[in-house]
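In: Need coordinates for the following:
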Amino acid sequence: MTYISLEYYILVIVSLIVYYFLPVGRRWIALLTGSAVFYCFAASDIRQYVLFVCTIALSFAGALWIEAVPEPKKRKAVLWSVILISAAPLLIMKVTGILQGHLREGVERIPLIVPVGLSFYTLQIISYLADVYRGKIRAQRNPLKYALFISFFPQIVQGPIPRYEQLGWQLFEGRNFNIDNIVRGSQRILWGFFLKLMIADKAAVAVNEIFNNYRDYEGAYVWVAGILYSIQLYTDFLACTTIAQGVAELFGIEIVDNFRHPYFAVSVQDFWRRWHRSLSEWLRDYVYIPLGGNRKGTVRKYINLCITFLVSGLWHGEGIRFLFWGGLHAFYQIFGTCTAPLRNRVCEIVKLSEGTFSRRLYQTLGTCFWVMTAWIIFRANSLRSGLHMIRSMLTVVNPWVLLNGSLDSIMPYQEWVLLSASILVLFFVSRAQEKGSVREWISEQHLTVRWGLALACIAIIMIFGTYGFGYDAQAFIYGGF
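Out: Predicted coordinates for the structure are as follows:
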């Protein structure tokens, strides 16, 4: 069961009916039941479900234990013990993946039990335990309510990674029926389908072809693959979290925004304030700051930054290329900070004044280039192949392949036109969202305009997305992490 499957929306509708049928104080039961059903269908093995339930039970009891211990040193020991036990499945998966990656071909791999959403709910549990330890929140006394917080089905697979103080009370108190929530939630779901089926999955056709046969495609082809993968990854992940927000909004529940137009960033540091914000904030609050943050001098600050991004790389995958990707982003930020005075001086000499459109464009394009280069490493089948592609991109000059029809061998011309048009729609919508709410603007329009836009979007997705060339309703990318 995926977020774009018919079964999922049957579950959503049934849960929605039951939710608003129950008394307000009992409506959380409908969400818990829906979450349990979703996980039953999403899990491919009963052992995944059992491990998930055991982790919830252990972390629930652990939080109560942390709260019950009065001595600070003992409380800290309990905290770390519970965190290690709760995070053990994720740590085992990562360590085993790294070790197995160095095994020779033909050597049998160790089968692992990897519950659905493991990487996401583990971080959610760690933040909950740490916040209980710090006294920011009180441990939940009802095990079923705690289970709902961890397993809430719209966001269990790919996040965002919620904080208990933001999401918990919304789940437990019950929300009153509001037709505006239904309308606005449906708009978000529709926009998520557009991002997934009109951009992410279409871009995947070209991205997969070039990356999987990288020795046959050099120079401009790599630029195309790098740009398209940057867009594919963004729209795929944004689609999933947008659909999650939309489904939650049907129940009157607000899930935090996970993205804030990251490709409009003016620096790599700004990019990470905009990209996967729930993960970035989690790493800041539970890794970077506990390490000392920027409170212990410049050198220690840079070391803490490197550790934080290496943790991010390890979280994303087991291969050496993920650690390299994380280290590369740490290098970007350190190098950017160290060279900021020089770059500002150069900009002054060439008349790129701070705050001007030309200065911002220069900063944005530069940031996109460095981020795209790192994404090539991230997507490549190995670190070696990723570095080969980057070298080819920078040394092979063949821009004519963009104009002589060579790209049509990868994907038909009509599909390139549709993909380009969809990316332009995303760009203009994103620009509008930077200035205000697009949904607010739509709500102010006449009924015929609102319905016209919705029906047109549905028709376009069904005709050109679902039934387009090379269509494949692929699993959301970040679900693999």
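
In: And for Asn398, the neighbour number?
Out: 14 (other CB atoms under 10 Å). Every C-beta, even on glycine, is put in place using the N, C-alpha and C of the backbone.

In: actually Pro341, not the one I typed
Out: For Pro341, using other CB under 10 Å, the count is 9.

In: quick one: it and Trp441, what's the gap?
Out: Here the criterion is CB to CB, to the nearest Å. By it, Pro341 lies 42 Å from Trp441.

In: mind checking which helix or strand of this protein has the lowest mean pLDDT?
Out: helix 438-443 (a mean of 80; mean pLDDT, DSSP states H and E).

In: Next, Leu6: phi, psi?
Out: As for Leu6, its main-chain torsions (degrees, to the nearest 10) stand at phi -60, psi -40.

In: burial count for it?
Out: Leu6 has 8 nearby residues by other CB under 10 Å.

In: residues in contact with it?
Out: By CB atoms under 8 Å, 6 or more residues apart in numbering, the contact list for Leu6 is empty.

In: For it, give its distance to Arg138.
Out: Relative to Arg138, and taking CB to CB, Leu6 is found at 40 Å.

In: for Leu305, same thing?
Out: According to CB to CB, Leu305 stands 33 Å off from Arg138.

In: The two: who's more crowded?
Out: A count of neighbours by other CB under 10 Å puts Leu305 above the other of Leu305 and Arg138, at 21 against 11.

In: quick one: that one and Phe335 touch, right?
Out: No: using CB atoms under 8 Å, Leu305 makes no contact with Phe335, being 11.4 Å away.

In: Alpha carbons only: can I get stretch 450-469 in PDB?
Out: Output of stretch 450-469 as PDB, limited to C-alpha atoms (Å, rounded to 0.1, in the frame of the first residue of the first chain):
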ATOM      1  CA  ARG A 450     -11.900  26.800  -8.300                       C
ATOM      2  CA  TRP A 451     -13.600  23.800  -9.700                       C
ATOM      3  CA  GLY A 452     -12.100  24.500 -13.200                       C
ATOM      4  CA  LEU A 453      -8.600  24.500 -11.800                       C
ATOM      5  CA  ALA A 454      -9.200  21.300  -9.800                       C
ATOM      6  CA  LEU A 455     -10.800  19.400 -12.700                       C
ATOM      7  CA  ALA A 456      -8.100  20.600 -15.200                       C
ATOM      8  CA  CYS A 457      -5.400  19.400 -12.800                       C
ATOM      9  CA  ILE A 458      -7.100  16.000 -12.400                       C
ATOM     10  CA  ALA A 459      -7.500  15.600 -16.200                       C
ATOM     11  CA  ILE A 460      -3.900  16.600 -16.900                       C
ATOM     12  CA  ILE A 461      -2.500  14.200 -14.300                       C
ATOM     13  CA  MET A 462      -4.700  11.300 -15.500                       C
ATOM     14  CA  ILE A 463      -4.000  11.800 -19.200                       C
ATOM     15  CA  PHE A 464      -0.400  12.900 -19.200                       C
ATOM     16  CA  GLY A 465       0.900  11.500 -15.900                       C
ATOM     17  CA  THR A 466      -0.800   8.200 -15.300                       C
ATOM     18  CA  TYR A 467      -0.900   7.100 -19.000                       C
ATOM     19  CA  GLY A 468       2.300   8.900 -20.200                       C
ATOM     20  CA  PHE A 469       5.400   7.300 -21.800                       C
END
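
In: Give me the contacts around it.
Out: Under CB under 8 Å, 6+ apart, the answer for stretch 450-469 is 186-187, 190-191, 193-194, 197-198, 201-202, 205, 411-412, 414-415, 418, 442-443, 445, 471.

In: now with 10 Å?
Out: 4, 183, 186-187, 190-191, 193-194, 196-199, 201-202, 205, 411-412, 414-415, 418-419, 421-422, 425, 442-446, 471, 473 (CB atoms under 10 Å, 6 or more residues apart in numbering).

In: Which members of those residues are positioned in helices?
Out: Per DSSP state H, helices hold the following members of the contacts of stretch 450-469: 183, 186-187, 190-191, 193-194, 201-202, 205, 414-415, 418-419, 421-422, 425, 442-443.

In: A ChimeraX selection for these, restricted to the buried ones, would help me check which they are.
Out: In ChimeraX syntax, the buried subset of these is picked out as below (16 or more other CB atoms under 10 Å):
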select :183,187,190,191,193,194,201,202,205,415,418,419,422,425
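
In: What are the buried residues along the helix or strand harbouring Thr55?
Out: Using DSSP states H and E, Thr55 maps to helix 46-68. For helix 46-68, burial by neighbour count (16+ other CB under 10 Å) applies to 48-49, 51-53, 55-56, 59-60, 62-63, 65-67.

In: farthest pair in these?
Out: Using CB to CB, the buried residues of helix 46-68 span at most 29.4 Å, a distance reached by Gln48 and Glu67.

In: I'd like to know which elements the helix holding Thr55 is packed against.
Out: helix 27-42, helix 72-100, helix 118-134, helix 143-151 (3 or more CB pairs under 10 Å, 6 or more residues apart in numbering; DSSP states H and E).

In: and if we set it to 6 Å?
Out: Counting by 3 or more CB pairs under 6 Å, 6 or more residues apart in numbering; DSSP states H and E, the packing neighbours recorded for helix 46-68 are helix 72-100, helix 118-134, helix 143-151.

In: Run through the stretch 1-150 of the chain and note the low-pLDDT ranges.
Out: 97-113 (pLDDT under 70).

In: From Cys338, how far out is the residue of the chain most remote from its centre?
Out: What lies farthest from the middle of the chain is Ile349; by CA atoms, centre = their mean that is 39.4 Å. Separation of Ile349 from Cys338 (CB to CB): 19 Å.

In: domains in this structure, as residue ranges please.
Out: Domain segmentation of the chain under automatic domain parsing yields 6-177, 181-473.

In: Below-threshold pLDDT in the stretch 151-300 of the chain: ranges please.
Out: Ranges of the stretch 151-300 of the chain meeting pLDDT under 70: none found.

In: can you pull out the helices in it?
Out: Using DSSP state H, counting those that start in this stretch, the helices of the stretch 151-300 of the chain run over 164-173, 179-194, 201-212, 220-250, 268-274, 277-283, 298-316.

In: Past the least confident helix or strand of the chain, which element shows up next along the chain?
Out: Downstream of helix 438-443 (by DSSP H and E), the next one is helix 447-460.

In: Tell me what angle that next one forms with helix 179-194.
Out: Using axes from the mean of the first three to the mean of the last three CA atoms, to 10 degrees, the direction of helix 447-460 lies 30 degrees away from that of helix 179-194.
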